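1. Any chance you can model this:
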Amino acid sequence: MGEKYMSLEKNIFNEFREYINDFHTLNNVSIFGAGSYGIKVYKLLNEKGFNIENFFDNNEKLWDTEVDGKKVLNPSKISGDISIVVASSWSKEIVKQLKENKIFKGKIYLSDPWGNFCDTSISDEDIKQLEFLYNKLEDIESKKVLINVLKSRMCIEEFNNVQYEQYFHPIVHAKNNDIIIDGGAFIGDTIQALNNDKTLNNIEIYSFEPEDKHFSLLQNEAKNSRFECFPIKLGLYDKDTTLKFFADEQISGMCMVEENGNIIIHTTSIDNYCNEHQITPSYIKLDIEGAEKEALIGAKNTIKKYKPKLAICIYHKYKDLWELPYFINEIFGEYEFYLGHHMDYWFETILYAYPVEK
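-> Residues are numbered from 1 along each chain as shown. Below you'll find the model as predicted:
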């Protein structure tokens, strides 16, 4: 069935490459979204040499204002074959709005919330890794997720959620007696989800969260859990170090390790922490704002030794979708791959990896 599905979608990877690479041949574009998300994308495109003609926004209070000398216009003025980059938390609704505009004949491009789209081109190596991922995925549902995510990034489809809860994949999920590394524990939402599963018993959770406000709430959640929970005020990386971290308070989830970050965080590696505290993890979850690859490098010995189940976010950087699975296979091998998407927007594409029995 997988081969049949691939035959129906055999051109999707090249279509995706053409869509992304064609964007970089454009001279003039407009941006739909004049909030902080749109302004971030504007700055990135401006640095790349794009001529931004104007902004559009559904907020009438912004109409006829300016962003860096560029007018913000009423979307009713959209017509013709202009190219529009959608840069808004309301992208799903905006894309639908543009598609329903009978006099708009142009192309729609969807930027990710971090603006990585602005600097992305697709090479032969990217196509090779996408094809590898497709063939590596264990079931047709995972293959459909991959195709849907690519089509959604091209504004052909809407993001579809899988039927199971995030981090509770039918095969890759927590079980009794698991020792869990929760990388990017946030305010303890993963602890809470595990706590709500009454079939689980005797679990240890090591929750890593470097941000002050989040850590305080995480501590409360850990204290109220029926499991043994250990909140750790550190980020996960490839080594013990100090990093700058950017958090956009206006857009939930807009966080990233950046040189000009507004928050300083301290990090450790999974190898260092597990060695020091004699931990033998059986499940590692990573949702760490674009530092997933570095954290995996810092977990190399632990993963090779203990073969834990993995749940890795692969959406923070544009190419994480295919580069991280390829990297995991190259470094660790011997894992089955499954793919899940858990939001009707850009966020929450998860690679679930299950160790192969020898």
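2. all helices of the stretch 151-300 of the chain, in order?
-> Using DSSP state H, counting those that start in this stretch, the helices of the stretch 151-300 of the chain run over 189-196, 212-223, 270-277, 292-297, 300-306.
3. looking at those helices, which is closest to Lys285?
-> Set against Lys285 and scored by C-beta to C-beta, these come closest in helix 189-196, at 6.5 Å. The C-beta positions use only the backbone N, C-alpha and C, and glycine is treated the same way.
4. quick one: the strands in the stretch 51-200 of the chain?
-> 51-56, 66-67, 70-73, 84-86, 108-110, 179-183 (DSSP state E, counting those that start in this stretch).
5. secondary structure element for the most centrally placed residue in the chain?
-> The centroid of the chain falls nearest to Tyr315 when counting by C-alpha atoms, centre = their mean (2.1 Å). Using DSSP states H and E, Tyr315 sits within no helix or strand.
6. ok, now which ones touch Tyr237?
-> Leu243, Thr267, Thr268, Ser269, Ala291, Glu294, Ala295, Gly298 (C-beta atoms under 8 Å, 6 or more residues apart in numbering).
7. can we see that at 6 Å?
-> By C-beta atoms under 6 Å, 6 or more residues apart in numbering, the contact list for Tyr237 reads Thr267, Ala291, Glu294, Gly298.
8. What's the separation between Lys184 and Lys96?
-> Wrong residue type there; residue 184 is Gly, not Lys. To Lys96, Gly184 is 31 Å away according to C-beta to C-beta, to the nearest Å.
9. and of the helices of the stretch 151-300 of the chain, who's closest to Trp346?
-> Across the helices of the stretch 151-300 of the chain, closest to Trp346 is helix 292-297 (C-beta to C-beta), at 15.6 Å.
10. And Asp68, its phi and psi?
-> When read as degrees, to the nearest 10, the backbone of Asp68 gives phi 50, psi 40.
11. quick one on the thing from earlier: find the residue closest to the residue nearest to the centre of the chain in space, skipping its chain neighbours.
-> Thr349 (4.3 Å; C-beta to C-beta, 6 or more residues apart in numbering).
12. where in the stretch 1-150 of the chain is pLDDT low?
-> By pLDDT under 70, the weakly predicted segments of the stretch 1-150 of the chain are 1-10.
13. Then the stretch 251-358 of the chain?
-> Ranges of the stretch 251-358 of the chain meeting pLDDT under 70: 251-260, 358.
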